[in-house]
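Enquirer: output the structure for:
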Amino acid sequence: MESAALAGLLDFGATRSLDSLLLVRHGRVVLDAYYAPYTANIPHRINSATKAVVGTLVAIAQKDGLLDGFDHPLLDFFADRNVADLDDRKKAITVQHLLDMTSGINWQEPLDGRPDSMIEMSRQQDWTKFVLDRPLAHAPGDAFNYNSGGTHVLSALIAKLTGMSAWDYAKAKLFGPLGIDTSDWWHDPQGVSIGGFGLALLPRDMAKIGYLYLRSGQWEDKALLSPAWIDKVNHATVNMNMPRSPDLRYSNLFWALPERHVYMADGYHCQLIMVLPRLDIVAVTTARDFCPLGKLTDLIAGAVKSETALAADPAGANLLANKIHEISTEKATEVGVTSEVAAAISGRTFRFPANAVGVKSLSLTLADPGPYYDLEIYTRDRSQPPLKLRSPIGFDGLYRKSEPTAAGIFATKGKWVNGSTLEVERQWVGMDELQKWTLSFDGERLHLHSRDREGRDVSIDSEPGG
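Expert: Here you go, the predicted structure:
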């Protein structure tokens, strides 16, 4: 693979807010790059790429004899539940239908819109029941419909088959053999590992999963997956019916672009494990924005120049090394003049009513030599206490990272834009999230302007008296 082309690929990644880009070819790490402030040792939430891991665990359970076949009717495994709207069509849903997202369950989660059904599911006490009780919009097998609820049911199925959570089963049967020691996986109120999202892995560990698929399920001397399972993924045929990407196909919870000979675990905002069998490549990206899958595939394939070693290219190697250093080194942004308001608001706590960005209270300590903020976040379950966070703030144009917490690592910087307005950028490092807050101070009140996760403008005022 040509060094200069790889440097160009890193430039492309900078335009798509990548956090990392890793390439493996012929079993060797070709490129392992991280965009500041993200670093290699921080697990990254892989969003819906979690689904492909769930599918992999289902395949392992089948190979180990815990599941007799993918065509087994799903509800046989949930006979202890009283399922709503039960009819012959719902009884016909198989495990394979969930693996291909063709169950027919009425579910609103368009790939280019608001995931209403997933949001509603997340507000339930029993997520599995919510999904199983949904009526059908189509007969099973008739149509593809993206559904994070179906994959959550598969996670619940893994728990039924194995007697342990999907996360614990992964540690025993997938992560353990692959040498994956660092992981975290969110769970629902019932303790079921979330089947549609919530898994965090290191990029190098994501690459191990891709390499397992590239090697037909073989890891060292162990056959972890059936070659037939991977062959089905590699020859995906379920039409995803995406007008802007008509060539996308789906199979066993993997996306595919058959004409480009690539299949992938795909998570929101470009969390990708890409497998290119013809080129013997695994590619991994983590990011904070969407990326064009076809363009990315073409750039990776375009860097391949030979099946054998290329001639030494000192200039290209130097270009690539400098590019890796450049993206991994944070560049200071513009710095504003500190406002006189800073001293007056330092240490005060501003409290907010329930709102779309989830801020319950905010306190800025700015008179300290090391400025920081204390933040309380509303939880989805209002019976639970708010999440409390503290993080330093950089006022020199550079992020300051928090200490690791149960919620993760946060990097924050601020800039005064005028005498009463402070702009704050706050990254949840290892998540696909960058928050930009405009804080306007008016006497006893704080006005906060931001955007929610769907990109909609949100403006909130603190409560009177702080």
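Enquirer: can you pull out the strands in the stretch 301-450 of the chain?
Expert: Applying DSSP state E, counting those that start in this stretch to the stretch 301-450 of the chain gives strands spanning 349-351, 359-365, 372-377, 387-392, 400-401, 409-418, 421-429, 433-442, 445-451.
Enquirer: want to throw those into CSV with distance to Arg81, mean neighbour count and mean pLDDT?
Expert: No exception for glycine: its C-beta is placed from N, CA and C like everyone else's. Shown next, in CSV, are the strands of the stretch 301-450 of the chain (distance: least, CB to CB, whole Å; neighbours: other CB atoms under 10 Å; pLDDT from 0 to 100):
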stretch, distance to Arg81, mean neighbour count, mean pLDDT
strand 349-351, 42, 17, 95
strand 359-365, 36, 20, 95
strand 372-377, 33, 18, 95
strand 387-392, 32, 16, 93
strand 400-401, 45, 18, 96
strand 409-418, 39, 20, 96
strand 421-429, 36, 19, 96
strand 433-442, 35, 16, 93
strand 445-451, 39, 18, 94
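Enquirer: of all the ones you listed, which lies closest to Asn82?
Expert: Taking CB to CB, strand 387-392 is the member of the strands of the stretch 301-450 of the chain nearest to Asn82, at 34.9 Å.
Enquirer: got the CA positions of that closest one in PDB?
Expert: Listed in PDB are the C-alpha atoms of strand 387-392, where the atom choice follows Å, rounded to 0.1, in the frame of the first residue of the first chain:
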ATOM      1  CA  LEU A 387     -25.100  11.900  36.600                       C
ATOM      2  CA  LYS A 388     -22.400  14.200  38.100                       C
ATOM      3  CA  LEU A 389     -19.300  15.100  36.100                       C
ATOM      4  CA  ARG A 390     -16.300  17.400  36.700                       C
ATOM      5  CA  SER A 391     -13.900  18.300  34.000                       C
ATOM      6  CA  PRO A 392     -11.200  21.000  33.500                       C
END
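Enquirer: out of the strands of the stretch 301-450 of the chain, which comes closest to Tyr263?
Expert: In terms of CB to CB, the element of those nearest to Tyr263 is strand 433-442, at 26.9 Å.
Enquirer: how far off strand 445-451 does the closest one point, in degrees?
Expert: Interaxial angle of strand 433-442 relative to strand 445-451 (axes from the mean of the first three to the mean of the last three CA atoms, to 10 degrees): 150 degrees.
Enquirer: who wins for proximity to Lys90 among the strands of the stretch 301-450 of the chain?
Expert: Lys90 lies closest, by CB to CB, to one member of those: strand 433-442, at 36.4 Å.
Enquirer: how about residues contacting that closest one?
Expert: Strand 433-442 is contacted by residues 17, 288, 341, 345, 357, 420-428, 446-451, 453 when judged by CB atoms under 8 Å, 6 or more residues apart in numbering.
Enquirer: name every strand pairing with it and say which way it goes.
Expert: Taking DSSP bridges as the criterion, strand 433-442 sits next to strand 421-429 (antiparallel), strand 445-451 (antiparallel) in its sheet.
Enquirer: make a markdown table from those strands and add distance to Gln271 to it.
Expert: What follows is the strands paired with strand 433-442, written out as a markdown table (distance: least, CB to CB, whole Å):
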| stretch | distance to Gln271 |
| --- | --- |
| strand 421-429 | 14 |
| strand 445-451 | 20 |
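Enquirer: of the strands of the stretch 301-450 of the chain, which is nearest Ile93?
Expert: strand 433-442 (34.0 Å).
Enquirer: ok, the residue lying closest to Asp313 once chain neighbours are set aside - contacts?
Expert: Counting by CB to CB, 6 or more residues apart in numbering, Asp313 lies nearest to Ser3, which is 5.8 Å off, once chain neighbours are set aside. Counting by CB under 8 Å, 6+ apart, Ser3 makes contact with 313, 316-317, 319-320.
Enquirer: contacting residues around the residue lying closest to Ala200 once chain neighbours are set aside?
Expert: Distance criterion CB to CB, 6+ apart; nearest residue to Ala200, sequence neighbours excluded, is Pro43 at 3.9 Å. By CB under 8 Å, 6+ apart, Pro43 lies in contact with 182-184, 200-202, 430.
Enquirer: mind doing that once more with 6 Å?
Expert: Taking CB atoms under 6 Å, 6 or more residues apart in numbering, we find Pro43 in contact with 182, 184, 200-202, 430.
Enquirer: now those residues in a markdown table, with pLDDT, secondary structure and distance to Ala61?
Expert: Formatted as a markdown table, the contacts of Pro43 follow (pLDDT from 0 to 100; DSSP: H, G, I helix; E, B strand; the rest coil; distance: CB to CB, whole Å):
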| residue | pLDDT | secondary structure | distance to Ala61 |
| --- | --- | --- | --- |
| Thr182 | 93 | coil | 24 |
| Asp184 | 95 | strand | 22 |
| Ala200 | 97 | strand | 22 |
| Leu201 | 98 | strand | 20 |
| Leu202 | 98 | coil | 25 |
| Gly430 | 95 | coil | 29 |
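Enquirer: just the buried members of the residues you listed?
Expert: 200-202, 430 (16 or more other CB atoms under 10 Å).
Enquirer: quick check, nearest of the residues you listed to Pro464?
Expert: Taking CB to CB as the measure, Pro464 sits nearest to Gly430 out of the buried ones among the contacts of Pro43, at 37.2 Å.
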